[in-house]
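here you go, sequence then predicted model.
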Amino acid sequence: MSIYVGNLSYSVTQDDLTKVFSEYGEVKRVQLPTDRETGRARGFGFVEMETSAAEDAAIQALDGAEWMGRVMKVNKARPREEKGTRAGGGGWGKNNGGYSRQY
């Protein structure tokens, strides 16, 4: 399982996150997604720790902590949703020669 880290400064690096999280255990991997268009950091990341106990300790200590001028949001990452399985339904369909929203 990995940890979601949100509300990060756009200037944060993988090394920065590794340093902060390594205080709670061994860090296996850090990911900082970037915007495809601009290449700029998106303000969130994911951290994988060696043990679940280290993950729990990091989450408890760092959720709500101020770091680099921002209050971090830290929790267990949810599994990634497959595209096309979003809840809500509805779509666009042809109706009487025009287009209208279908529910």
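Yep, it's here.

from here on, contacts and neighbour counts on C-alpha atoms
Will do.

tell me where the chain has strands.
Taking DSSP state E as the criterion, the chain carries its strands at 3-6, 27-31, 44-49, 66-67, 70-71, 73-76, 91-95, 98-102.

so which bits of the third one are buried?
Residues of strand 44-49 classed as buried under the neighbour-count rule (16 or more other CA atoms under 10 Å) are 44, 45, 46, 47, 48, 49.

low-confidence bits of the chain, can you list those?
Within the chain, the stretches with pLDDT under 70 are 84-103.

would you format the buried residues of strand 44-49 as a markdown table with distance to residue 28 included?
Output for the buried residues of strand 44-49, formatted as a markdown table (distance: CA to CA, whole Å):
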| residue | distance to residue 28 |
| --- | --- |
| 44 | 17 |
| 45 | 14 |
| 46 | 11 |
| 47 | 8 |
| 48 | 5 |
| 49 | 5 |
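
between the residues you listed, which is nearest residue 23?
Nearest to residue 23 among the buried residues of strand 44-49 is residue 49, at 11.0 Å by CA to CA.

dump the helix ranked longest in the chain to CSV, restricted to CA.
As assigned by DSSP state H, the longest helix anywhere in the chain is helix 52-62. Below are the C-alpha coordinates for helix 52-62, written out as CSV (Å, rounded to 0.1, in the frame of the first residue of the first chain):
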residue,chain,number,x,y,z
SER,A,52,2.7,-0.8,7.3
ALA,A,53,3.8,0.3,10.8
ALA,A,54,6.1,2.9,9.2
GLU,A,55,3.2,4.1,6.9
ASP,A,56,0.9,4.4,9.9
ALA,A,57,3.4,6.3,11.9
ALA,A,58,4.1,8.7,9.0
ILE,A,59,0.4,9.3,8.3
GLN,A,60,-0.3,10.0,12.0
ALA,A,61,2.6,12.4,12.4
LEU,A,62,2.4,14.2,9.1
